[in-house]
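1. Sequence and computational prediction follow.
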Protein chains: 2
Amino acid sequence: MSPFLLGILGGMGPLATVDLMQKIIQETPAQRDQEHAPVVAWNVPQIADRQQALAGLGPSPLPDLLYGLAQLNRAGASHILIACNTAHHWYAALAAASRAPLLHIADATMDSLRPVQGERIGLIATQGTLDAGWFQQRITALGGQTLAPLPEEMRAWFVPGCYAVKRGELRKGGELLSLLAASLTERGAGRLILACTEVPPALAAIDSPWQSIGIDPTRALARAAARLWRDHRDRAAMA
Amino acid sequence: MSPFLLGILGGMGPLATVDLMQKIIQETPAQRDQEHAPVVAWNVPQIADRQQALAGLGPSPLPDLLYGLAQLNRAGASHILIACNTAHHWYAALAAASRAPLLHIADATMDSLRPVQGERIGLIATQGTLDAGWFQQRITALGGQTLAPLPEEMRAWFVPGCYAVKRGELRKGGELLSLLAASLTERGAGRLILACTEVPPALAAIDSPWQSIGIDPTRALARAAARLWRDHRDRAAMA
């Protein structure tokens, strides 16, 4: 039996990593501590801002991401999760540098989203994630259509909402992000991918009604990780 | 400037580590991600049960604790926190094996508790923590008096309450632990040390009124760690 250890490349921001760890625990049926997934988390927020870097306004976070990834591999991680949607911009470079395979948050999200045939899905994400197109490509491949925020909606609601959460002002962030959710549904979105880790905690902080049609990629990634762990645990029990 | 990295020796249970990480974030004033403390967390719950080991009913967790500690030192931890009150039973052996200094949860708790002169303090903890006497010795040294649960209260309320939390039944755990809190206050405790990491989340889950007189050692440890980080950050800013 090869050893199993989930590595979390985090710190973007630090609360998003805590949120992912909590959701992995919630998604794991367990009667005692020892039945929960083993996790090592690199929650080091001293890393260049991803949104600024992709806007050409700051240095790349890649060197720091590679350093954290190397630490997780050295610690024996068998599978690695990136606790940040936007950081998946560097997914290919990270996957190439890692012994342990990396899960992709958009793949995990599609597992939670299916079926989407003929459906319009709103996408709440950073400009970097929107530009990368991972979610849109996967939704198109499944026969759905993506509704993205307009540039003025990004400026007025998404960006200030996201940075409010980073400052710890979850309620303020939740109110701004709710305005964006409302606008996307008015334009025809039946469900919303909350594809920035700041969004689900912010909507939860104000108990936003938009949570009911929101798909949380952090939750989806946690579910995928918990499934890997349960498969390993069950195989180990039979061995 | 020597590098700063908080290492968390966790997994006992996994939710207690998440709780400590969240409280470190809450106790750190920060305007952006990068101002939060860097953390590496070893949240591996495949470790022998601490309560069983101290009752002579199971193997010692020390080898697994030493392994996790070595991983945290290898990853560059400059300070180490143990996210479990009972595991402080092995504090001396762990401190002797670690390059990075280990904070002690009872020292951090006294900082939050002072002054205790002439006061009666209830102590909710595992039998292992009660037997070890760290909290009682420190309270006595400060001129206070400790009220510990009676053996029948441990059997009826503490032990089943604690294991309910480990199974994810937080509300059930909260109800059992509230009965113990009520009994300690009836016997004269003015404040309560919630010295098992399962207790504060359980009381929070039922919004227990006993929270208002509870001292949370996890919160105290988070505060001590956040203070170390702020001191480092401020010195770095001045350098």
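-> Okay, I see it.

2. Please make it C-alpha for all contacts and neighbour counts, starting now.
-> Fine.

3. For the closest residue to residue A:215 other than its chain neighbours, list each beta-bridge partner.
-> Residue nearest to residue A:215 in three dimensions, not counting chain neighbours: residue A:193, with 4.8 Å by CA to CA, 6 or more residues apart in numbering or on different chains. Beta-bridge pairing for residue A:193 (DSSP bridges): residue A:123, residue A:215.

4. ok now the helix or strand hosting residue A:52, how far from the chain's centre?
-> Element membership for residue A:52 (DSSP states H and E) is helix A:50-54. Relative to its chain's centre, helix A:50-54 lies at 16 Å (CA atoms, centre = their mean, to the nearest Å).

5. Which strands and helices lie in contact with it?
-> helix A:127-132 (3 or more CA pairs under 8 Å, 6 or more residues apart in numbering or on different chains; DSSP states H and E).

6. And the average pLDDT for the helix it packs on is what?
-> For helix A:127-132, mean pLDDT is 93.

7. which strands and helices sit next to that helix?
-> helix A:50-54.

8. pull the longest helix from chain A.
-> Counting by DSSP state H, the longest helix found in chain A is helix A:217-238.

9. Buried residues of that one, list them for me.
-> Buried residues in helix A:217-238, counted by 16 or more other CA atoms under 10 Å in any protein chain shown: A:217-227, A:229-230, A:232-233.

10. Please list the residues outside that helix that contact it.
-> Under the criterion CA atoms under 8 Å, 6 or more residues apart in numbering or on different chains, residues A:1, A:4, A:6, A:19-21, A:23-25, A:27-28, A:35, A:37, A:81, A:83, A:103-106, A:108-109, A:111-112, A:193-195, A:197 lie in contact with helix A:217-238.

11. Quick one: distance of it to the chain centre.
-> Taking CA atoms, centre = their mean, one finds helix A:217-238 lying 17 Å from the centre of the chain it belongs to.

12. what about it, average pLDDT?
-> Helix A:217-238 comes out at a mean pLDDT of 94.

13. dump the residue contacts of residue A:105.
-> A:81, A:82, A:85, A:88, A:217, A:218, A:220, A:221.

14. so how far is chain B from the residue nearest to the second one when sequence neighbours are not counted?
-> By the measure of CA to CA, 6+ apart, the closest residue to residue A:82 outside its immediate chain neighbours is residue A:9, 4.9 Å from it. Counting by CA to the nearest CA, to the nearest Å, the gap between residue A:9 and chain B amounts to 10 Å.

15. what about residue A:9, neighbour count?
-> 27 (other CA atoms under 10 Å in any protein chain shown).

16. which regions of chain A sit below the pLDDT cut-off?
-> Within chain A, the stretches with pLDDT under 70 are A:1-2.

17. Which positions in it make contact with chain B?
-> Counting by CA under 8 Å from any CA of the partner chain, chain A comes close to chain B at A:11-15, A:18, A:21-22, A:25, A:30-47, A:71, A:75, A:163, A:166-168.

18. Looking at those residues, which are in strands?
-> A:39, A:40, A:41, A:42, A:43 (DSSP state E).

19. Without its sequence neighbours, what residue ends up closest to residue A:118?
-> residue A:144 (4.9 Å).

20. and if you look at residue A:86?
-> Nearest to residue A:86 is residue A:129, by CA to CA, 6+ apart, at 5.2 Å.

21. Then residue A:208?
-> Looking at residue A:208 with CA to CA, 6+ apart, the closest residue is residue A:178, at 7.0 Å.

22. So that neighbour: helix, strand or coil?
-> helix (DSSP: H, G, I helix; E, B strand; the rest coil).

23. And it, how close does it get to chain B?
-> For residue A:178, the distance to chain B (CA to the nearest CA) stands at 22 Å.

24. for residue A:163, what are its contacts?
-> By CA under 8 Å, 6+ apart, the contact list for residue A:163 reads A:173, B:32.

25. ignore the last one, residue A:16
-> A:10, A:83, A:84, A:197, A:198.

26. Ok, residue A:72 next?
-> Applying CA under 8 Å, 6+ apart to residue A:72 gives the contacts A:7, A:8, A:9, A:40, A:41, A:42, A:80.

27. how about 10 Å then?
-> Listed by CA atoms under 10 Å, 6 or more residues apart in numbering or on different chains, the contact partners of residue A:72 are A:5-9, A:40-42, A:66, A:78-80, A:98-100, B:40, B:75.

28. List buried residues within those residues.
-> Buried, going by 16+ other CA under 10 Å: A:5-9, A:40-42, A:66, A:78-80, A:98-100, B:40, B:75, out of those.

29. taking the residues you listed one by one, which sit in strands?
-> A:6, A:7, A:8, A:9, A:40, A:41, A:42, A:79, A:80, B:40.

30. residue ranges for the helices of chain A, please.
-> Going by DSSP H, chain A shows helices at A:14-26, A:50-54, A:62-74, A:91-97, A:105-113, A:127-132, A:134-141, A:151-153, A:159-166, A:170-186, A:199-205, A:217-238.
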